[in-house]
Structures are given as C-alpha cells and as structure tokens.
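Asks: Below is the sequence, then the predicted model.
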Protein chains: 4
Amino acid sequence: MENRNKKSQQIASVRKINKSTKRVTVTKLENILYKSFKILDKGFVRVIDYMGDDSSIVQAARVSYGRGTKKLNEDKKLINYLLSHRHSTPFEMNEIKFHIKLPIFVARQWIRHRTANVNEYSARYSILENEFYIPNKQNMQSQTKLNNQGRDKQLDHLETKEYLELINNQANESFEKYKYLLNEDDSGIIRNKNKNGLARELARMVLPLNTYTEWYWKIDLHNLMNFLCLRFDYHAQYEIRVYAEKILEIMKKWVPYTYEAFILHRLENINLSKNGIQYIKNLIHGKENKNTKISRREQDELKEKFGLN
Amino acid sequence: MENRNKKSQQIASVRKINKSTKRVTVTKLENILYKSFKILDKGFVRVIDYMGDDSSIVQAARVSYGRGTKKLNEDKKLINYLLSHRHSTPFEMNEIKFHIKLPIFVARQWIRHRTANVNEYSARYSILENEFYIPNKQNMQSQTKLNNQGRDKQLDHLETKEYLELINNQANESFEKYKYLLNEDDSGIIRNKNKNGLARELARMVLPLNTYTEWYWKIDLHNLMNFLCLRFDYHAQYEIRVYAEKILEIMKKWVPYTYEAFILHRLENINLSKNGIQYIKNLIHGKENKNTKISRREQDELKEKFGLN
Amino acid sequence: MENRNKKSQQIASVRKINKSTKRVTVTKLENILYKSFKILDKGFVRVIDYMGDDSSIVQAARVSYGRGTKKLNEDKKLINYLLSHRHSTPFEMNEIKFHIKLPIFVARQWIRHRTANVNEYSARYSILENEFYIPNKQNMQSQTKLNNQGRDKQLDHLETKEYLELINNQANESFEKYKYLLNEDDSGIIRNKNKNGLARELARMVLPLNTYTEWYWKIDLHNLMNFLCLRFDYHAQYEIRVYAEKILEIMKKWVPYTYEAFILHRLENINLSKNGIQYIKNLIHGKENKNTKISRREQDELKEKFGLN
Amino acid sequence: MENRNKKSQQIASVRKINKSTKRVTVTKLENILYKSFKILDKGFVRVIDYMGDDSSIVQAARVSYGRGTKKLNEDKKLINYLLSHRHSTPFEMNEIKFHIKLPIFVARQWIRHRTANVNEYSARYSILENEFYIPNKQNMQSQTKLNNQGRDKQLDHLETKEYLELINNQANESFEKYKYLLNEDDSGIIRNKNKNGLARELARMVLPLNTYTEWYWKIDLHNLMNFLCLRFDYHAQYEIRVYAEKILEIMKKWVPYTYEAFILHRLENINLSKNGIQYIKNLIHGKENKNTKISRREQDELKEKFGLN
C-alpha cells in the first residue's frame, strides 16, 4: 500500500512539470501524459512520451522545410491517401512510449511484435511483487469448438466460483513458495538467518503465468497500427484486447486524422479475396452462388457484412 | 511414453530421406540433421534446415557468378577480415532453422532477440504436456551479492533437497490444477461430463514459468553470432547458456572458418575502453596506474587477462 | 565479351554439381538454380539458394517433429488459412537468395524493402563496367497527369528516337569521363602514365542513374510477398515491375500452394474501406449511392471490379 | 535563389514557435531545432524532432513511475555500465529525426542502415533541382593501393583543376539533358509546346550520382551510435564521414552522458582479438613476439596505440 502511494506521488510529481519546447505538441495527449489507465484487475497503460502529431506525417511525406502543412482538408486527404495506399514510411515518423503493467501470459503474446522497443522489469535482478491476474466472472468462458482457438460461452455460476478460487489459491501458494525459496519476506528482510535463499533467477520458476510484469514499450505509429489491427481483432485473446482498446483511445487523442483513416481502411474494412469478389459480384447481378469457392463461414461473414439473409 | 516413441519415429523417418540438390551442402551438418540433442533435463535442440556454408559468405561478399571461392587460404582470410571489421551483411546470407524445447522463463529471455523468426507451440489451441524444468543439484545456487544479478555459490545439501522438492511439488500441483480447469485428462478425455472446462487460453495461467514450451526458430548467421555473444557469456543465466553452448558446437560443424574467426574476434577477445588502453599502456611502459579511471573490477579483469598479479 | 563468356562458364560449372541432402528440395527450383533470366536490356535475376518448400510452412505452423505434413488437401487449406488470416510467421520460415543485376535507379527503390539481406558490388573497391539501361521504344512514355506520379501514353516515334539517342549518348559520355577520371582503360591498364587517376569512390560520381549494378539479395517468403504486393502493382514503376513479374514466376515454382493463396488473397483481392462496403451494400440492395464518401476514382474502380456500368 | 529564401523563411517561422510540454526537453537541442547546418558544398543536416534525453535512458532501464533519476553520479554510472555491457534496449528508448540533404552516392551508403525510418524526396513525382556535389580541392585524391578501397594522397594542382572542371561540366550537361527530356524549364514552364516530355521517373536516369537528394531520417539512439561507429570511422568515405561528424556534435548536445560513454567505449576503444591479447601480454612481460598470428598491419596499429616503437 505504501508502495502504491509512493508510485502515485511519483506520477503526480512528473505531471506537474511544464517546460517550453519548439517541437510539435498535442494538447489532448499532454493532458493525460504519465497518467495511469487501469486495465484488467491490476494492470495499467501510461503514456510516457511521444514524438510528432498528424502534421508530422504530412511534413515527412512532403520532405518539408517548415511545418509542411497545407489546408486542413488537404492534409486529411493526404493522410487518408497514404494510409489506404499502404505508404507506411510517413507513419513511421511518429513514436509513442508507454509504461505497461500486464500478466506474463499477455506479455508473451505482446512481445511477438518485434518492431517495438522494450525494457522489462527484471526478475533476475529484482523481486516480483505478489500481484497476479484474476479474471472477472463474465470472462470465465469455456473452450470454443469452432476452430479450437479461443473461448465460447460463459461458464455457469458454480463452475466460475470454483475455478476462480482455484486460480486464486494457486497463485497465492506460488507466491508463498517464491518467497520461501528466496528466504525473504515482503520487505526484503531475511526470514531464516540460518538458511540461504535460492537465486532470484531460479526462484521465479515457481511463479504462475498470470503474474504481473511491467515494461516500457516504444513503437512507431505504423507498427502501432499493425499491433492494433491484430490485437483489437475479435480473434485476439480478451486479456490483450482490452489493452489494445485503451491504446486505440489514446491514438485517437494523439493523431485524430490518422485514427479516422485507420478506422475506415484498417479496422472496419473488409478484405475480399478473388473468390469473395466473384461471390459479391454474383449477388449484385442477381446470380446464384452455386459453385462458390469460399467457405460456408466466409459466406456467412459476407452476408452479415452486406446485410443479406 | 507412447507419445515420445512416436516423436522418435518421426525424426528417424525424416532422417532416412536423401535427395539430390545443386545447392551447397555441409556434410557434418547433414549428419546431424533433425537429430535431437538433449539440453537441461527435458529440453532439446534440433537442426531442421540450413542455407549456405562458409563458401556462401565469400560468394556473397564477392557478388559472384560461380561458387565465388578462391584458394582456401584466401577464403579464410576474407572471412577473418569481414568478421573482424564488422562487415555483417555477408554473414546474413546464411540461415539456420532449429526446433527447440525450452522452459518458458528461458523462452522469455530468448525471444528478446528480435531478428529471428519464431513459431511457438500454441497453448491457446493445444494442451501443454506435463513437463517442467527441475535443476540439477549443482545448479541450485544462492543470489550473488556482486551486482545483484545472477548466482553465487551452490546451496548446501539439505537446502537443495528441500528446495528441489518444493519446486517439483509446486509444478506437479500446477499441472494437476491445469488439467482440472480444462476438465480433461492426459489423453484428452473429459473428466467430469457434468461440467464445462475453462478455455485453454485461460487455464494455462496457473502453469509455472518452468513449464516447457517448443518452437521453431530461424536466424541468419550474423544474428546467430550476436545471440551467442550474449548468451554464451558468463553473465547469461545458466539455463540459456547451455543452449548457446550446444548451438556453438553446431555452428562449428556448419561454418568452421567463420567459427574460428568468431572465437578469435568475438568470444575470446577483449574490448579495451579509452581508459583501459591507458591502463595497459602504463603497464607496458612500467608506469604506475595511480589515477586510473577504470573500476577496481575492471582492473582485476585486465590483470587476470594479461597474466599480472 | 570475353568477360561475359567467363561468367556463363562459371554458371554452367556450378549447375553441373549434384549433391545429396536430407533437407527438403524443390525439383522445379533445382532445375533453374543459378540460371540467369534476362530482365530489361542487360539485367537479370538468378536464384542462388533456397530454404524450405510449401511443406516447411505447415511444418513450422505445427511445430512438428517430422515433416509435419498431413493430407495434401489439409496442407493446402492450412496455407490458405494462414495467408488469409495474416499469420506471417510460418511464411518467414522459408528463404530465397537471388543474384540480381539492375539499374541504380531501380536499386534505389528496391533497397527500401528493409527486411532483406543485401551484398552489393562495391564501386569504392571495383570499377563498374560500361553497362547502362536503355528503355525499349514502347516504354518511352510521357508524365501522367492523373496524380503526378508515373507514366501516361507512349511518346511518338520522333520524340522517342531523339530522346533515346540523347540518353544513350549521355551514358556513353559519362562512362568515357568515368574512365578518364580513373585514368584506366577497360582492361585496367593505366592510360596516361604521367597522371594520377581519381579515387574510384569519387570518380563514380559522374555515372548516370541508369548504370547497372549487381547484388545478392536474400529474403524470407513473407517479406518477399510484401515486396511483390508493392512492386507487382500497376502503380509501381515499369522497370521494377518486370523484376517482380519474374520473381513471381519463380515463387510459383518454389511454393505452388502459397502462390495460389497469394494470388487469391493478396494480388487479385480488393480491400473495401468502411465507405466502400456501404457503397457495395447499396448496390446489392438497389439503393442509390448519392452521398457516398468515396471518391469518383474509387467508384470507377469498384464499378469495374464488380462489372457495373 | 527565390526558392532558397522561401526555405529560410519557413525554417525561421517554425523556429519562432514555443509551446508548453510535460515531456522531457533538452535546452541545447531546442536551441538548434530546425536549424540548418551546412555539410559539403550544398548539403545540410537539420534536427526536426527528438524524444527523450539522458534521463530517459535510466528511466527505461529502471522501468520507473517517475523520472527514474537518482543522484547525477549514479545515473552517469548506470549509463556507462549499460553502454559498456552492450545493453542496447534502454538506448532504443530515445529517438531523433533529421532532415538531410546529401548526394545520391552518399544516400546509397547511408540507406544500408536498415533500422532507421526514411522519407525521401520523390523524383517520380517531383522535378529535381539543379544541384550536385563538387568536392573541394583538398578532397580530390587518388585511389589507395593499400587494400583497394578508399583514397590516398591529394592529386596535384593541375590534375585537380582538370578533373573538377570535367565533373562540373558533366553534371551541368546532365541537368541540361534532364530538363530537355522533361521538356520543362526551371520554373516548370513547358519549353516546346509541340513536344511531349518524358516521364519524370525515366528522365531522371541521365542524372549523375552526385545529384543532391533530401530525406527525413529518424533513428533511435542505439542505432544512431551504430551508424556513427561505422561512418565516423576513418575507413568511411569522406563524404559520409562529414555528416557523421556533425551528427556526433548534435548527439553531444542531446545526450551528453551517453556521448561521453560512447567516446570511451565505442569510438576511442580498441577491440583486441585473442591473438592481439597474446601479443600485448608478451609486450607487458617482456617476451618476444616471434610467432604472433596477427598481421604486420595489426602489429603496427597496436604499437602506435600503445606508444611503442
């Protein structure tokens, strides 16, 4: 608790500082800088720093001497054009840096995005706090039968209760054993002076995958959008999707025009394959889709997307 | 057990195939292709595929129409020159692909090398086997006091025994609970037909960090050497270093000239800072090193390296 | 001429070698290995080496002990699924290495694909041959008015003739001056013994951007497809597109199932934005597209794609 | 000329703006933000934006809630430790963005650093200005005999004069022909109304490699140091080294502690191979170096570095 207060004070203290800069700034992002947004039960997302705004994208695309902006409308059009025509380099000119707290099993998915920079809290060097992820009841779901990946319907009340207790107990026991192996209590005081603790890099082995970790994570806007495409998607695991949702909100504050184009062309778009085009073509021309080469599932998706039934 | 036999048969079966190719081949590597080399208690390293040999490096450096090789001596000299002068691109022309089984806490360090390609066994899709890492007795060590990172001396017999039992029990209980949450036994048969299991992507949360995972890992020779530099190093955690040791042996079979140059210039070299140069200079000229700017630890390292005491 | 014969002999000589391997091989690719395919007037593409085939993709996706393949039909389906659902990592498990000869202005576009490995012929170290790109008559076109980028209709006969002569003369003069600055003739013999030549790294400054250069270029299959998406596109400059066309043919020989999925989902697909979906939805339901938010050009594209007019 | 004034005004205008930010700022860098530093005869380097300072490195390394800084001395020591022990990730947390004008043959070397982001002025879309690099007299040097790469002694007065005239004429003629092919004069007015110009993407082919181009270039601090290591080196071509020199000065203003550590460990260091260590060891112990495995050239380098002769 004391520890948590100390952290809040540190955040409050850096939020007070105001300096003068000639760089482009984004007021809406400055307003939330360093602030901690809660994710899951004990995780968070904080913006630590950023470089550039919407105008920086057009400035780089135009290789400008000044701001590089023209009329608002032209800038928006250019951003829309660049994004929809897969011109990735101007979006790489913006960077954002986050401090994120997340369960280890989420971190293991997240780190697969290789085009970001990461500094993680080291459990070789430091002792991890007794913090682990426990899902909400509504997120306790059974395995999907569809494609063997992901979740299906919510478990019933009794199952949920039993399973949550089990997960909770298991994590607490693991942390108890971790501390025992380290031979240190929470405040770092040696428990049994006649014994040696096990090295931290080994003791951590008993911790469960829902233990929380923390890292600094920095990424450019182009690769951030790739991350969001994959992790905002409904196929993504709920526990990473909630981070993507918050980061998407932050992106909207940071680069509103890019955000708009991103929604249109990357999040609420549809990628029609050659066979999908034929399928829709037949629909438009009132022809039957007898021998379509697309799967039943794709057909259902298209029917829903285009309001047919 | 049955499962293990099946895997051995699959490996034996691919090892039997022989085909004709016009590509460069490396006999010593062909001889061990697909073979499983045991690491730690249950892990392994297997070479699945490779591209290029020592001659491919000189061929690329010379942008050749044919093999690109000259006299053996000239090729060795060129490789030595390229490696010692930080010409990385010719070494990027060779690739090697491994199948690796490793504990999750090791995988978390390993994945930080972003310039490799990875396909990991998915615990969202599949059920993990009851396999976890238990250290040997001699690797049960206490925390170092030196710089707070890494291990110190071996624990005594009783502590070791107690801690190993604890780690072992903890892992077994975790797997028991994992299976309980899934509501499936080892052969995938539902345990309690009146209950629903928890989704795999959630149930895995209770598994400890010493659970084994598997992946295919592909990397070019230049980045492989960077990996080996960091992970073969004595600062690296023992549990990842043993993998690096085996991979170094494999590299020796694959590209013996590059291996030789790598040992000379990257593994058994020393990087003297500006102040380190001054320190050695004084030693050579018989001057005292009174006001040296290098730390006591660096001085000790240099003294050892240069046989002074 | 002599030089060219020597190169042909070197290629012929490596093509004769046959070795035994346990690795996966692709007969259709082995048949053309090292062979030179002419591109533009003096350029070429040659496959030097490759790693993996279609089966390697499913093998990695399944993290297999053996070949990892199942029934042909299941493998094809898996590749199609992976490609259409943006699972990039299994495709990164295959590599291909080319030797390419191309004009410098094409090389400057090409090198922007950063996820490849490159070794280029060095004009600091060696002397460039007198070879430069001269377009065919039908490729001599005027500037497009559409979006200021790319070409429009073919120039008339007289203009073409005049311009081609000018380009040809200009290149010949440049090479003459290059040799003069070097103070060496074609066979490396010093021209004027009383003079010093200018350093190669400086003398090359006078060479035009259509001078040919050569490089070894290695890329994984996932990034190769990204390259082909951008460079096979009709927006791409003709002089790089012809390289992409040949490489696409080679890809078809190498990984026929991936090629098929690539055509369906990445080359002959269409990416409908949110507004594009609404536009098509209206068409299907027989509603007017009065206030559509997509541009006239996009509307024309969609109309053509879906056979409306 | 008019064009140049316009650019100066644009720069002056952005330099006037001052905004408030909660981000870390670097006064010495703010003072030169957007300012153009002349390099070579017509090139320049300008800082457009930056993210982070020295404190951001320690903040990330410590995964901090606040500024993350401790006593100045501890921060310096940590930066020194991180840099000398090859911990690259904290340095990746800082970014800097430049606008650079450089000759095309320099740009071709520069772009080989793949871990940066680039937006280049497009000669497919725009018309290049009549600007090309002409070396100073003292940089007109002959080819080195040493290793066939790089330059040797300055040419004599007459040769220099003749060669510079030739380079200058050649470039002017090329630009004349470029404009002729485009059928446009400097102000974009059509020259001959009865003719069509050649498309820009083709006309540029006649331009020489010393034509100036421009780009926005963004890189993180870790990769910037790799760039500087290679391009500040005396093996690097003079024309790229002068850019590295200016960027090193800028780095000193931006992150003075990192700069200091970089000089000690990366720029004025020495990498002793296993054989080099033996050589020095013999020197220290007064033993002869009869059968040393290092080359004569390396021996000379070591002797000079350690003040022996």
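Replies: Good, I have the coordinates.
Asks: ok, longest helix in chain A?
Replies: helix A:157-182 (DSSP state H).
Asks: And it, what does it pack against?
Replies: When contacts are defined as 3 or more Cβ pairs under 8 Å, 6 or more residues apart in numbering or on different chains; DSSP states H and E, helix A:157-182 sits against helix A:200-203, helix B:157-182. Every C-beta, even on glycine, is put in place using the N, C-alpha and C of the backbone.
Asks: Compute the inter-axis angle for that helix and helix B:157-182.
Replies: Here helix A:157-182 points in a direction 170 degrees away from that of helix B:157-182 (axes from the mean of the first three to the mean of the last three Cα atoms, to 10 degrees).
Asks: is chain C contacted by stretch A:61-74?
Replies: No. On the criterion Cβ under 8 Å from any Cβ of the partner chain, stretch A:61-74 is out of touch with chain C, staying 12.6 Å away.
Asks: Can you pull out the residues in contact with that stretch?
Replies: A:55, A:58-60, A:75, A:78, A:82, A:87, A:90, D:7, D:10-11, D:13-14, D:99, D:119-121, D:214-216 (Cβ atoms under 8 Å, 6 or more residues apart in numbering or on different chains).
Asks: and what of stretch A:171-181?
Replies: In contact with stretch A:171-181 (Cβ under 8 Å, 6+ apart) are residues A:128, A:130, A:132, A:134, A:185-186, A:191, A:197-198, A:202-204, A:206-208, A:210-211, B:163, B:166-167, B:170, B:173-174, B:206, B:208.
Asks: residues touching the nearest residue to A:Leu221 once chain neighbours are set aside, list them.
Replies: Among residues not flanking A:Leu221 along the chain, A:Asn94 sits closest, at 4.0 Å (Cβ to Cβ, 6 or more residues apart in numbering or on different chains). Listed by Cβ under 8 Å, 6+ apart, the contact set of A:Asn94 reads A:Tyr50, A:Met51, A:Gly52, A:Asp53, A:Ser56, A:Ile57, A:Asp220, A:Leu221, A:Trp254, A:Val255.
Asks: and after the helix or strand harbouring the first one, which helix or strand comes next?
Replies: To tie it back to what came earlier, the one meant is A:Tyr50. Per DSSP states H and E, A:Tyr50 falls inside strand A:43-51. Sequence order places helix A:54-61 as the next helix or strand after strand A:43-51, per DSSP H and E.
Asks: Please export the C-alpha coordinates of that next one as CSV.
Replies: Coordinates of each C-alpha in helix A:54-61 appear next as CSV, following Å, rounded to 0.1, in the frame of the first residue of the first chain:
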residue,chain,number,x,y,z
ASP,A,54,-0.8,14.3,-37.6
SER,A,55,1.1,17.2,-39.2
SER,A,56,4.4,15.4,-38.8
ILE,A,57,3.1,12.7,-41.1
VAL,A,58,2.4,15.1,-43.9
GLN,A,59,5.6,17.1,-43.1
ALA,A,60,7.7,13.9,-43.7
ALA,A,61,5.7,12.8,-46.7
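Asks: follow-up on the earlier one: check the model's average confidence along the longest helix of chain A for me.
Replies: When pLDDT is averaged over helix A:157-182, the result is 97.
Asks: next one: stretch A:244-256
Replies: The model assigns stretch A:244-256 a mean pLDDT of 98.
Asks: Nearest to chain D within the stretch 51-200 of chain A, name that residue for me.
Replies: Residue nearest to chain D within the stretch 51-200 of chain A: A:Gly66 (3.2 Å; Cβ to the nearest Cβ).
Asks: In terms of helix, strand or coil, where does that residue fall?
Replies: The three-state label for A:Gly66, taken from DSSP: H, G, I helix; E, B strand; the rest coil, comes out as coil.
Asks: quick one: least confident helix or strand in chain A?
Replies: helix A:296-305 (a mean of 87; mean pLDDT, DSSP states H and E).
Asks: Against which helices or strands is that helix packed?
Replies: helix A:274-284.
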